[in-house]
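[1] With the input below, show me the fold.
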Amino acid sequence: MPSVLVENIVKTYGSKKAVVDALKGVSFSVDKGEIFGIIGPDGAGKTSLFRILTTLLLADSGKASVDGFDVVKDYKQIRNRVGYMPGKFSLYQDLSVQENLEFFATIFATTIHENYELIKDIYQQIEPFKNRKAGQLSGGMKQKLALSCALIHKPSVLFLDEPTTGVDAVSRKEFWEMLHRLKEQGITILVSTAYMDEANLCDRVALIQKGRILSVNTPEGITKEFKKPLWAIKANEMFPLMKAIIADPLVESCYSFGQYHHVVFKSDKNNKEELEDILAKGNFSNAEINAIKPGIEDCFMALMANS
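    From the prediction side, this is the model:
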């Protein structure tokens, strides 16, 4: 039995005059002990999905279960079995680190001591600040406290909604290391993020855009779905270069990616020669062309264009 099962979930907001389709027939399953990523930009439907799975929001239609319990009929059992870390820091800002942790332990009729081994690696990093008010912590420290509170009752499934948004690169790295240690303890982890590079840290991912699932696979499996050659090109005159590439009838797509434009052609014949011809006609300076392997973001762009 999957740890999490989602079947054709639909959710809309608003009235008849202004309806927003947050989720459009979303389906996937998550295996026990898996780190499963929900990857997509802001507004893709990630938070609505997590709120449905944690029994905080009712779907319009479809079914979902967590650990075999239905999210509507068995909401009490689910709330005792899951940990949820919302995207916005939602702990009590005027309570200390210690007081927040004790409060959440009391809600679930447990103690810090009872499940200390589960949160030990995380809590030890913030324990020196246990008397500091939560509102005075740095972003990385708030993140660790929120995760500790979500774990204090030893959940079987952990939902983390964009947990690394707004924290520094070091804290992001430390956070993912903590998640992999939690996975070793048998906890199923669903994590949503808008950072495409974090997809490679998951066992499997679902790419989501405008409420639709574009693909569900391993990170490696998703990149293998990208069949056409991919080119990276740059020059001193980047904006005119993009306009020239997009105007070429042989080009399927072109988008900015860091210091380069990534280019996909409709055919895989003579692509480099075509790019060289564009550079020559436009008199672009200090140009560079490289054939590259696609990443998750390239695959996301291709799937989005074809959806």
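[2] what packs against the longest helix seen in the chain?
    The helix that spans the most residues within the chain, counting by DSSP state H, is helix 169-183. With contacts defined as 3 or more Cβ pairs under 8 Å, 6 or more residues apart in numbering; DSSP states H and E, the secondary structure elements packing on helix 169-183 are strand 35-39, helix 116-126, helix 139-151, strand 188-193. Just so you know, the C-beta spots here come from the backbone N, C-alpha and C atoms, and that holds for glycine as well.
[3] Let's have these in CSV, adding mean pLDDT and distance to Q209.
    Formatted as CSV, the helices and strands packed on helix 169-183 follow (pLDDT from 0 to 100; distance: least, Cβ to Cβ, whole Å):
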stretch, mean pLDDT, distance to Q209
strand 35-39, 97, 10
helix 116-126, 84, 32
helix 139-151, 87, 26
strand 188-193, 96, 13
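[4] Looking at these, which is nearest to E99?
    helix 139-151 (10.9 Å; Cβ to Cβ).
[5] Run through the neighbouring helices and strands of that closest one.
    Using 3+ Cβ pairs under 8 Å, 6+ apart as the contact criterion, the neighbours of helix 139-151 among helices and strands are strand 82-85, helix 97-107, helix 116-126, strand 157-161, helix 169-183.
[6] weakest of these in terms of mean pLDDT?
    Ranked by mean pLDDT, these bottom out at helix 116-126, which scores a mean of 84.
[7] Now do that one: everything it contacts.
    By Cβ atoms under 8 Å, 6 or more residues apart in numbering, the list of residues contacting helix 116-126 from outside reads 97, 101, 112, 137, 141, 144-145, 147-148, 151-152, 154, 174, 178, 181-182, 185.
[8] Type out the ChimeraX command that picks the buried ones from the residues you listed.
    The ChimeraX command for the buried members of these (criterion: 16 or more other Cβ atoms under 10 Å) is given here:
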select :97,101,112,137,141,144,145,147,148,151,152,154,174,178,182
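[9] The residue nearest the centre of the chain: what's it in contact with?
    Nearest to the centroid of the C-alpha atoms of the chain, with distances taken as Cα atoms, centre = their mean, sits T193, at 2.3 Å. T193 is in contact with G37, I38, I39, E162, P163, T164, T165, A199, counting by Cβ under 8 Å, 6+ apart.
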